[in-house]
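Novice: sharing a model prediction with you, sequence too.
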2 protein chains.
Amino acid sequence: MSIKKLAEHLGLSKSTVSRALNGYTDVNPDTRKKVLQAAQEIGYKANPTAKRLASGKSRNVGIILPANTRMFVSPAFSKVLAGASAFLAKHDYQLIVTTISEWQNEQQVYADFISSGMVDGLFIVRTRHNDERITMLNERNFPYVCHGYIEGFEDALFVDVDNKDAFYQLTKRQIELGHKRIAFLDAPIELTLSQSRKQGYLRAMQEANLEVNERWLRNGELNEDAAISMTKEIMSLAKRPTSILCADDTMALGTIAACEELGYQPGIDIAIAGYGDYEHSRYSKPSITSLAYDTLGVGEEMAKLMLNKLEKKNFPTQSWYHAEIVARQSDANVITEE
Amino acid sequence: MSIKKLAEHLGLSKSTVSRALNGYTDVNPDTRKKVLQAAQEIGYKANPTAKRLASGKSRNVGIILPANTRMFVSPAFSKVLAGASAFLAKHDYQLIVTTISEWQNEQQVYADFISSGMVDGLFIVRTRHNDERITMLNERNFPYVCHGYIEGFEDALFVDVDNKDAFYQLTKRQIELGHKRIAFLDAPIELTLSQSRKQGYLRAMQEANLEVNERWLRNGELNEDAAISMTKEIMSLAKRPTSILCADDTMALGTIAACEELGYQPGIDIAIAGYGDYEHSRYSKPSITSLAYDTLGVGEEMAKLMLNKLEKKNFPTQSWYHAEIVARQSDANVITEE
DNA sequence: TTGTAAGCGTTATCAT
DNA sequence: ATGATAACGCTTACAA
């Protein structure tokens, strides 16, 4: 009733008003001016639901977050979201976050969400090898942008941190600090990022001609508990590492706790480093050496790729960010001579 | 086109199919059975957008989170969200989270969001004294449930933790541990919760006949930096506290850091306690004594109140949760004799 | 119990 | 450059 009223008020037809409002070219500049002004005065706002039904576009982009993992809590990730949200908002798009619980079927939730018409595109996080979500989105030809690279799809859109380089750097740092036995508690193996991190680690180790003990190379969830149990196992080995790299700073926190429980002094007896430069890492004791990247920028970039895709501009499809070491205490003063 | 197709396929009218699908009573049980089965087989899903336009209901409830504060990151709060989301999902509602950036006008964002028809109700967090958001929602008669009590509106819906009791307990604990000079770094003064926490603190102090030094009672943002600067100021006072209570565990983290920087040993020279029982509090050094509550439950309760409201059932409008002390190292072994 | 038909507020196709 | 009018997919009086 509303565009209708506005039209009547102006003595114009709905269609003209609609065109004027939506920036079509075939409208008399004067008419447009009048319409815009009247809309302003009357306080007319187009009804998004009706718009959506008529146009098939929602101007929303969605993201589905597991309610139970730390993803929803990861300080780094929430900045990514903030960056994406801000960029979208500037372009009159909205970010819609829904959660998925453990008891829900992931594929189903994704399928329902995209077929609900609520969103024009989807952000995908924690991308996995042979990710069924990606497969489905490709099949349905539904626009998406991933946080984390994916392989096997030429024209896939993603932004990622150069994890390989990041962990190459971090490992190299350990080597330069004199370590020879370096463990790596990697992310869950199904995540694509775990592979690249592992590669970076391996490359540095091989370049330095250091032994890569398979027992020092583990995969686990990005939380304290997983890190604690892995650390305990590793540190009880006959041949144990002098340095432990972690896939993120929460793991580093757990690793520190586990080492202390075992009687080691992190930062003195044993080196520990993480990834993500979470807020608490500065305040941890010892403070945690970590890898920092432009979280806000990553989010913005994801949004940018998405808008390009949705509005069919020419665009790059992939974007890489660089992580840099933030050196702190946790790996700084460890004596490593045998 | 879809319900139409389903109807044609069944040889029924759209309306009958619609009624059958939506559980109306005036439908032949047999007909309903057939319709449901056919829908199942064909894989028919009602288009939510069309439903929304026709019915004026979205089956979505929204929440607007500041992208920049720690709200989005607070581990406790993300569990609240998870609880709410799960409960809503069980009842075929969705939680929609949008973010608001610093440069956006809050009232505007709220107004736009509710008038967008995207949500049937709103969760409000960080409720404030004379909260303009509440005023607006009341004026527009738009359903909402607050996290944090609000005053001045009889039939307001909220769930809250008994903050007064919580900080009464926490303060009392300090007193029983022998402290006489107890500081309190409270939340931002505009938040309603800061008042009740202060009241709890004051009550315990007064019951014990202890001096309440106004300089020891501060308000600040719930993050490390705010706590650090407040702690430094307080600890440089001629008469300084032997115990510092914090409005949440991130503040406690900052307080610990600041005390250490000043040469104190938290948990030994000075007692510190927080609120929220964040994940990192167990791993902090010293580990942080905190107040824990049923975060998931709070979220579920918010969702429950919301659904009651939306579906106009009789219901309680308010719900209180209890917080309990989790005793750890940060305030355990502090010697307090003068 | 079922069907008809008029909305819901837009956009989009065709004329004019 | 503007106006009718038919979608969009569903709900909901009202009629039958």
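Specialist: The structure has been received and is ready for your questions.
Novice: all helices of the stretch 1-150 of chain A, in order?
Specialist: A:2-10, A:14-21, A:29-42, A:48-55, A:75-90, A:106-115, A:132-140 (DSSP state H, counting those that start in this stretch).
Novice: and those, which one averages the lowest pLDDT?
Specialist: Of all the helices of the stretch 1-150 of chain A, mean pLDDT reaches its minimum on helix A:75-90 (a mean of 86).
Novice: does chain B sit close to that one?
Specialist: Yes: residues of helix A:75-90 are located near chain B by Cβ under 8 Å from any Cβ of the partner chain, namely A:Pro75, A:Ser78, A:Leu81, A:Ala82, A:Ser85, A:Ala86, A:Ala89. Quick note: C-beta positions are derived from backbone N, CA and C, even for glycine.
Novice: residues in contact with that helix?
Specialist: A:61, A:63, A:71, A:94-95, A:97, A:123, A:125, A:147, A:276-280, A:295-300, A:302-304, A:306-307, B:67-68, B:72-73, B:98-99, B:101, B:104 (Cβ atoms under 8 Å, 6 or more residues apart in numbering or on different chains).
Novice: please apply the same query to stretch A:110-122.
Specialist: With Cβ under 8 Å, 6+ apart, stretch A:110-122 has contacts from A:52, A:56-64, A:96, A:98, A:133, A:136-137, A:140, A:142-145, A:306, A:309-310, B:45, B:47-49.
Novice: what about 7 Å?
Specialist: For stretch A:110-122, contacts defined as Cβ atoms under 7 Å, 6 or more residues apart in numbering or on different chains pick out A:52, A:57-64, A:96, A:98, A:133, A:136-137, A:140, A:142-144, A:306, A:309-310, B:45, B:47-49.
Novice: then stretch A:133-148?
Specialist: A:80, A:107, A:110-111, A:114, A:120-127, A:150, A:153, A:156-160, A:192-193, A:302, A:305-306, A:309-310.
Novice: ditto for stretch A:205-224
Specialist: Under Cβ under 7 Å, 6+ apart, the answer for stretch A:205-224 is A:70, A:171, A:175, A:180, A:182-189, A:194, A:202, A:226-227, A:230, A:234, A:237, A:239, A:241, A:247-248, A:250-251, A:253-254, A:257, B:283.
Novice: check stretch A:180-191 too.
Specialist: A:126, A:128-129, A:171, A:174, A:193-194, A:197-198, A:201, A:205, A:210, A:216-222, A:227, A:230, A:234, A:239, A:241-247, A:251, A:255.
Novice: count of residues packed around the nearest residue to A:Ala67 once chain neighbours are set aside?
Specialist: Excluding its sequence neighbours, the residue lying closest to A:Ala67 (Cβ to Cβ, 6 or more residues apart in numbering or on different chains) is B:Ala82, at 3.5 Å. B:Ala82: 26 surrounding residues under other Cβ atoms under 10 Å in any protein chain shown.
Novice: same question, the one 3 residues further on
Specialist: By the other Cβ under 10 Å criterion, the neighbourhood of B:Ser85 contains 28 residues.
Novice: same deal with A:Lys309?
Specialist: 19.
Novice: surely it touches A:Leu157?
Specialist: Yes: in this structure, A:Lys309 is within contact of A:Leu157 by Cβ atoms under 7 Å, at 6.0 Å.
Novice: closest to B:Thr336 among the residues of helix A:75-90 next to chain B?
Specialist: For these, the minimum distance to B:Thr336 (Cβ to Cβ) is 35.0 Å, reached by A:Pro75.
Novice: ok, now how distant is the closest one from DNA strand C?
Specialist: 39 Å (Cβ to the nearest atom of the strand, to the nearest Å).
Novice: how much space separates that residue from DNA strand D?
Specialist: From A:Pro75 to DNA strand D the distance is 41 Å (Cβ to the nearest atom of the strand).
Novice: so which of the contacts of stretch A:110-122 are also by DNA strand D?
Specialist: Subset of the contacts of stretch A:110-122 in contact with DNA strand D: B:Lys45, B:Asn47, counting by Cβ under 7 Å from any atom of the strand.
Novice: which among the contacts of stretch A:110-122 end up buried?
Specialist: Using 16 or more other Cβ atoms under 10 Å in any protein chain shown as the burial test, these include A:52, A:58-64, A:96, A:98, A:133, A:137, A:142-144, A:306, A:309-310, B:47-49 as buried.
Novice: A:Leu65 bridge partners, please.
Specialist: Beta-bridge partners of A:Leu65, counted by DSSP bridges, are A:Thr99.
Novice: pLDDT score for the residue nearest in space to the middle of chain A?
Specialist: With distances taken as Cα atoms, centre = their mean, the residue of chain A nearest its centroid is A:His147 (4.3 Å). Note on A:His147: pLDDT of 95.
Novice: same check, this time on A:Met1
Specialist: 64.
Novice: next one: A:Phe72
Specialist: pLDDT, read off for A:Phe72, is 58.
Novice: hmm, back to that, and the contacts of helix A:75-90, which of them are in strands?
Specialist: Secondary structure from DSSP state E places A:Val61, A:Ile63, A:Gln94, A:Leu95, A:Val97, A:Phe123, A:Val125, A:His147, B:Thr98, B:Thr99 of the contacts of helix A:75-90 in strands.
Novice: show me the contacts for the fifth one.
Specialist: By Cβ under 7 Å, 6+ apart, the contact list for A:Val97 reads A:Ile63, A:Leu65, B:Val97.
Novice: and A:Glu151, how many neighbours?
Specialist: 12.
Novice: against DNA strand D, how distant is it?
Specialist: Taken as Cβ to the nearest atom of the strand, the span from A:Glu151 to DNA strand D is 35 Å.
Novice: what's around the closest residue to that residue other than its chain neighbours, how many residues?
Specialist: Among residues not flanking A:Glu151 along the chain, A:Thr192 sits closest, at 7.3 Å (Cβ to Cβ, 6+ apart). Counted with other Cβ under 10 Å, the neighbours of A:Thr192 add up to 22.
Novice: my guess is A:Thr192 contacts A:Thr127. True?
Specialist: Yes: counting by Cβ under 7 Å, A:Thr192 touches A:Thr127, with 5.0 Å between them.
Novice: ok, the residue sitting furthest away from the middle of chain A to DNA strand C distance?
Specialist: In chain A, counting by Cα atoms, centre = their mean, A:Gly11 sits farthest out from the average C-alpha position, at 50.0 Å. Here the criterion is Cβ to the nearest atom of the strand. By it, A:Gly11 lies 16 Å from DNA strand C.
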